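**Q** the sequence isn't on hand, but the structure is:
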């Protein structure tokens, strides 16, 4: 899956630069995963949330925290 390669590259970049901050890395990988699933579900938040085992409200909270805007 393309998202796993992107996430692995993000981890590799940070580790080789000695950047081990958990929250920053988790946020970066989360953004990649969410973007991937939103592409798969054509921006449908309800379907994306279900795919990731989240509630739509929970996904919206994550989108707000990460400042991710949904393009419709």
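**A** Sure thing, it's come through. Every value quoted in this text rests on a predicted model; they were computed, and no experiment measured them.

**Q** just for this structure, where's the confidence low?
**A** Residues of the chain meeting the criterion pLDDT under 70: 1-5, 7, 19, 72.

**Q** kindly list the longest helix within it.
**A** helix 22-40 (DSSP state H).

**Q** list the buried ones in the helix or strand following it?
**A** Next helix or strand after helix 22-40 toward the C-terminus (DSSP states H and E): helix 45-52. Residues of helix 45-52 classed as buried: 45, 48, 49, 52 (neighbour count, 16 or more other Cβ atoms under 10 Å). Backbone N, C-alpha and C define where each C-beta goes, glycine included.

**Q** grab the nearest non-local neighbour of the first one.
**A** Spatial nearest neighbour of residue 45, excluding adjacent residues (Cβ to Cβ, 6 or more residues apart in numbering): residue 56 at 5.3 Å.

**Q** can I assume that neighbour is in contact with residue 41?
**A** No - using Cβ atoms under 8 Å, residue 56 is not in contact with residue 41, being 11.5 Å away.

**Q** overlap in contacts, these two.
**A** Shared contacts of residue 56 and residue 41, defined by Cβ atoms under 8 Å, 6 or more residues apart in numbering, are absent.

**Q** and residue 34, what does it touch?
**A** 48, 52, 59, 62, 63, 66, 68.

**Q** ok, 6 Å please
**A** Counting by Cβ atoms under 6 Å, 6 or more residues apart in numbering, residue 34 makes contact with nothing.
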